[in-house]
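# got a structure for you, letters missing:
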DNA sequence: GTCTTACCTTTG
DNA sequence: AAAGGTAAGA
């Protein structure tokens, strides 16, 4: 018998990679990096013999825009550069660089299936989830971008954080290049998209930036960003030559080789960086795979699935005290082991999905945060011709999760609530 | 050490 | 009221 392999899209290179090792749809939209853009592709369904990519994902690096697509068995990549066309030899060299970057950024040397096995063996809760949420891994991000992005994340939601990070790039970093969107909808005119790299420390350290960011809607995080940039530039030296990596960025990079406790201490000195943000940076860009950042979602997961006491909110806020933070982080760390932070990301992402099921995202977001279970759900979603009730597909996702998890009483309650709301509105 | 409170802004 | 919290003060 023959197995049809998805053809490599024109202009792309192919890397053999099972989607269970990496789901771009899940990983690039789950709030690790806030800078990827995704574009739906016009897909031809007349042939059911192979599964063509449904989206293209793009990220602007210092000198190039990386474009990715994915099929069940392969990752397709290409990079685009500003300026003149490259010779074939130059192009081959640059694509080799891009491939190296991809392997590093997605940490492809780490076998995710083996980790899923390990976590399943250690933890029945994880075991019940694994089949539903595959391909979720931790990115190895740039520490500087990671730091600033997560300073923006405090007491905030993913949609707004994403907007803020793009605003930073648009306003404080020169445009690298413009690119056409991939397979644009035929009815709308071709409109080139501008790509900006992430702005360097020296630029964000300027004293004007604080007030400018205020007026750009950053709220109190405006001062966090500017003052942290200022601190780093003051401490580790001024800007280097234009286009090169600045001293604070290099210093942050060296923290990858340092001891966890020491690095956390360093990060906590930065304005706007508390325990949770520090832990995110440790996990997501400084190679500390065992770290579990405890946010409101993880807190809720701990309560729902790991028998942590329901917050005794007599009436007021549910503040996550440092004491409770440590207890949750340590307990889950013991449960999952050396790559506990990665396991945390799987559960975090799955929990995000249950939230998106209740319409907390815009309609477009529902599309772009497409299901990790890719094929089946995607096709279901795609068949829906118009906007329709945006809740329906993800509503199914919520029920699936509920079944997968087995318990989830509060989840069930919320589903009922949603049904009632729908009924009333309808 | 541990516990409150104010804080920008958007969305349900 | 809550969103992937943090700084400052009691």
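All right, it came through fine. Every value quoted in this text rests on a predicted model; they were computed, and no experiment measured them.

# make it CA atoms for all contacts and neighbour counts henceforth
Noted.

# Listing request: residues of chain A with sub-threshold pLDDT.
Within chain A, the ranges that satisfy pLDDT under 70 run A:1-3, A:46-50, A:184-189, A:239, A:311-318, A:353-426.

# where exactly do the strands run in it?
Using DSSP state E, the strands assigned to chain A run over residues A:13-16, A:37-40, A:55-60, A:65-70, A:74-80, A:177-179, A:193-195.

# tilt between the fourth one and strand A:74-80?
Spelled out, it's strand A:65-70. 160 degrees (axes from the mean of the first three to the mean of the last three C-alpha atoms, to 10 degrees).

# Next, the buried residues of strand A:65-70.
For strand A:65-70, a neighbour-count test (16 or more other C-alpha atoms under 10 Å) marks A:65, A:66, A:67, A:68, A:69, A:70 as buried.

# mind giving me a markdown table with those residues and columns for distance to residue A:222?
Below are the buried residues of strand A:65-70 laid out as a markdown table (distance: C-alpha to C-alpha, whole Å):
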| residue | distance to residue A:222 |
| --- | --- |
| A:65 | 28 |
| A:66 | 29 |
| A:67 | 31 |
| A:68 | 32 |
| A:69 | 35 |
| A:70 | 36 |
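
# Export those residues as JSON lines, with columns for distance to DNA strand C.
Output for the buried residues of strand A:65-70, formatted as JSON lines (distance: C-alpha to the nearest atom of the strand, whole Å):
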{"residue": "A:65", "distance to DNA strand C": "23"}
{"residue": "A:66", "distance to DNA strand C": "21"}
{"residue": "A:67", "distance to DNA strand C": "22"}
{"residue": "A:68", "distance to DNA strand C": "20"}
{"residue": "A:69", "distance to DNA strand C": "21"}
{"residue": "A:70", "distance to DNA strand C": "21"}
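
# Among those, which one lies nearest to residue A:16?
Closest to residue A:16 out of the buried residues of strand A:65-70 is residue A:70 (10.0 Å), distances taken as C-alpha to C-alpha.

# Next up, the contacts around the closest one.
By C-alpha atoms under 8 Å, 6 or more residues apart in numbering, the residues touching residue A:70 are A:19, A:24, A:52, A:53, A:54, A:55, A:56, A:76.

# Check those residues and tell me the two furthest apart.
A:19 and A:56 (15.0 Å).

# mind listing what residue A:34 touches?
Residue A:34 makes contact with A:28, A:149, A:161, A:162, A:165, according to C-alpha under 8 Å, 6+ apart.

# try 7 Å
For residue A:34, the contact set (C-alpha atoms under 7 Å, 6 or more residues apart in numbering) comprises A:162, A:165.

# swap in residue A:253?
residue A:143.

# and it, how far is that from residue A:203?
19 Å (C-alpha to C-alpha, to the nearest Å).

# swap in residue A:237?
Separation of residue A:237 from residue A:203 (C-alpha to C-alpha): 13 Å.

# Same question for residue A:129.
Residue A:129 is 44 Å from residue A:203, by C-alpha to C-alpha.

# now residue A:292
For residue A:292, the distance to residue A:203 equals 31 Å [C-alpha to C-alpha].

# And for residue A:132?
As judged by C-alpha to C-alpha, residue A:132 and residue A:203 stand 43 Å apart.

# How about residue A:248?
Here the criterion is C-alpha to C-alpha. By it, residue A:248 lies 12 Å from residue A:203.

# So between those two, which is more surrounded?
Per other C-alpha atoms under 10 Å, whichever of residue A:248 and residue A:203 has more neighbours is residue A:248, with 25 against 16.

# if we can go back for a sec, how about a markdown table for the contacts of residue A:70, with distance to residue A:93 and neighbour count added?
Converted to a markdown table, these look like this (distance: C-alpha to C-alpha, whole Å; neighbours: other C-alpha atoms under 10 Å):
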| residue | distance to residue A:93 | neighbour count |
| --- | --- | --- |
| A:19 | 27 | 20 |
| A:24 | 25 | 26 |
| A:52 | 27 | 22 |
| A:53 | 26 | 22 |
| A:54 | 28 | 20 |
| A:55 | 26 | 21 |
| A:56 | 23 | 21 |
| A:76 | 17 | 22 |
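
# Out of these, the closest to residue A:140 would be?
Closest to residue A:140 out of the contacts of residue A:70 is residue A:24 (14.1 Å), distances taken as C-alpha to C-alpha.

# so how far is residue A:14 from that closest one?
Applying C-alpha to C-alpha, the value for residue A:24 to residue A:14 is 15 Å.

# try residue A:347
Going from residue A:347 to residue A:14 by C-alpha to C-alpha gives 30 Å.

# Excluding covalently adjacent residues, which one is nearest to the residue of chain A found nearest DNA strand B?
As assessed by C-alpha to the nearest atom of the strand, DNA strand B sits closest to residue A:219 within chain A, at 3.4 Å. Sequence neighbours aside, residue A:213 is the residue nearest to residue A:219 in space, at 7.7 Å (criterion: C-alpha to C-alpha, 6 or more residues apart in numbering).
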